[in-house]
Structure formats: structure tokens, C-alpha cells
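> build me a model:
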Amino acid sequence: IYMLGAWLIKRVKKLLLRIFERRHTERTLASFVSSLVSISMTVLLIIITVSTLGVDTTSLAALLAAGGMAIGMAMSGTVQNFAGGIMLLVFKPFKVGDFITAQGFSGTVTDVSIVSTKIVSTDNHIVVIPNGTLSNGNIDNYSTNPLRRVDLEISVAYGADADRCIETILDIVHGDKRIIDAQTPGAADPFVALSSLNASDITFVVRVWVHTPDYWNVRFDLNKSLYTQLPQQGFEFAYPHMDVTLIKN
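Numbering: from 1, shown residues only. As a prediction, this is how the structure comes out:
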């Protein structure tokens, strides 16, 4: 019985690995599931073999159940991380190489294991996040979609010609060849409009579409171009201020 059972367990493990390979399942998840099935079936086989020899396995089963419960309670956090890791590996909200924000940290995913996820931040320090908390929180994945929209707000002083300011901003935007238009599927033409009238300034909103790898470079370069070229065209940047008038009797 034991020899037949051991042979059968090996066959089941190989079959599971082939199924996972055909479905391109995450290697970490495939290894964990196959090992879990193999260990569970081995424990069951040992119990069956001992029972066949005439040994009473009732107390052994009760002991295993009590031990499993005690281990489960002692490792509740680890079990939660295991469950979270399985959820992440099955539903794949991100993959290695994606730039994400989660649990207050931002960085590039370098490793996804069954209990934790490792990311490298933009200032090159490593953050290890337990999968239990990661799977139960919000995850912002900035690498999934091929396009991203850059949103900027530009505040200028009252008295500026709104139409001429919009035209000037559009000229600056069109000067950057990395900015795409509606001819690219999923994108739209650059958009500039007067957004709000504030206490000390008027605000224009700027929205342009770029390829995801160009997002930060375009954002920084566009800020610099607007800061440099708008004053040259006669537009004054606004800042919070207050005019005080002193009245004498």
C-alpha cells in the first residue's frame, strides 16, 4: 500500500506541475500548491498504512488535528500572508518589473514570493511588504496600461488674456514630440482650459497623453518649459498675496 501510494503521489505531483506549466502559472504558486498536495497526501498515506497494520489511528488523527490547530493559531499571521500570496499570484494585480504604490510605499516590484513582495523604491532602498496586508489594501499599478495622462495646473495673475494664454500653452505642449494625440488608440489631443477663478489668480488645467515610460520625463520637462516660456510671452505667475490699505483720519 505504501509503495503504491508513494508512486501515485509522485504521478499526481508531476501531473500538477505539467498542468501549471501549460497554463503558465506563476512558478512560486505552482511549487507551493504541488508541495502542499504532496505533503497532505503523504500524511494521509502514512495514516492508511499504519491503520492497515492494525494500529489504532484514532488517537493519531486526533493528535494531528490538535497539532494542526495549535500550529495554525501560532502562525495565524504567516497563514494570512500565505493566503494573501496565493491571491496575488492567482489574480496578478502586478508582476515583477511593474511600478506600484501600496501600503504607503512606491517602487518597482523585484520579487513576489508566497509570503511577501519585495519592491525597490526610487531612492534605491528595498521594501518588503507582507502579502497579507498587501492583498487587503489598495494597489496602484502604474505600469499596466501603455499610456498615461499628465495633468498640470498653471496659475497666472489676473488680467492675462485667457485665449492667448491657452494658445501659448498649446504651442509649448506641441513642441514636445513625446506627447501623443488622438491618432494613438486610447489617447486624446492635448487639452488646455481655464479651470478656476481663485482669490489671487486664475488657473489653467493642462492634460496631455504620453507613453507610460515617458511619463515622469515629460512631466518634469513640461513644467520647466512652461515656467521658462510663459513669462517670456508676458504672462506673470500668480502667488497668494494681500493688498493692505492704510486709512488716516
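> just the strands in this structure please.
In the chain, the segments counted as strands under DSSP state E are 99-102, 105-112, 116-120, 126-130, 139-141, 147-156, 191-197, 202-211.
> select, out of those, the one closest to Ile39.
strand 116-120 (21.4 Å; C-beta to C-beta). In this view, the C-beta of every residue, glycine as well, is placed from N, C-alpha and C.
> the inter-axis angle of the closest one versus strand 105-112?
Interaxial angle, strand 116-120 versus strand 105-112 (axes from the mean of the first three to the mean of the last three C-alpha atoms, to 10 degrees): 120 degrees.
> could you shift the numbering so residue one becomes 52, and keep it that way?
In the new numbering, first residue 52, that becomes strand 167-171.
> tell me the angle of strand 167-171 relative to strand 177-181?
160 degrees.
> flag every buried residue along strand 167-171.
For strand 167-171, burial by neighbour count (16 or more other C-beta atoms under 10 Å) applies to Ser167, Thr168, Lys169, Ile170.
> adding pLDDT, write those residues out as TSV.
Formatted as TSV, the buried residues of strand 167-171 follow (pLDDT from 0 to 100):
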residue	pLDDT
Ser167	87
Thr168	91
Lys169	92
Ile170	93
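> name the nearest of those relative to Arg229.
Ile170 (26.4 Å).
> who does the closest one form a beta bridge with?
Beta-bridge partners of Ile170, counted by DSSP bridges, are Val160, Val178.
> any idea how far Gly155 is from it?
Counting by C-beta to C-beta, to the nearest Å, the separation of Ile170 from Gly155 is 12 Å.
> what does Thr184 give?
Applying C-beta to C-beta to Thr184 and Gly155 gives a distance of 11 Å.
> who's more crowded, the two?
Neighbours around Thr184 and Gly155, counted as other C-beta atoms under 10 Å, are more numerous at Thr184. The numbers are 15 against 8.
> so that one sits against Gln154, correct?
Yes. The criterion here is C-beta atoms under 8 Å, and Thr184 meets it with Gln154 at 6.1 Å.
> on that earlier part again, would you list the buried residues of strand 167-171 in CSV and tack on distance to Gly56?
Compiled in CSV, the buried residues of strand 167-171 are given as follows (distance: C-beta to C-beta, whole Å):
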residue, distance to Gly56
Ser167, 34
Thr168, 37
Lys169, 38
Ile170, 43
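> one step back: which one of the strands of the chain lies closest to Ala134?
Of all the strands of the chain, strand 177-181 sits nearest to Ala134, with 11.2 Å by C-beta to C-beta.
> how much does the helix ranked longest in the chain deviate in direction from strand 156-163?
Ranked by residue count and defined by DSSP state H, the top helix of the chain is helix 78-103. Counting by the same axes, to 10 degrees, helix 78-103 lies at 50 degrees to strand 156-163.
> who does helix 78-103 touch, helix- and strand-wise?
Packing partners of helix 78-103 (3 or more C-beta pairs under 8 Å, 6 or more residues apart in numbering; DSSP states H and E): helix 53-73, helix 109-125, helix 127-142.
> switch the cut-off to 10 Å
Applying 3 or more C-beta pairs under 10 Å, 6 or more residues apart in numbering; DSSP states H and E, one finds that helix 78-103 makes contact with helix 53-73, helix 109-125, helix 127-142, strand 156-163.
> compare those and say which comes out lowest on pLDDT.
Mean pLDDT per stretch puts helix 109-125 lowest among the helices and strands packed on helix 78-103, at a mean of 64.
> wait, Phe83 sits on Ala134?
No. Judged on C-beta atoms under 10 Å, Phe83 makes no contact with Ala134 at a distance of 11.4 Å.
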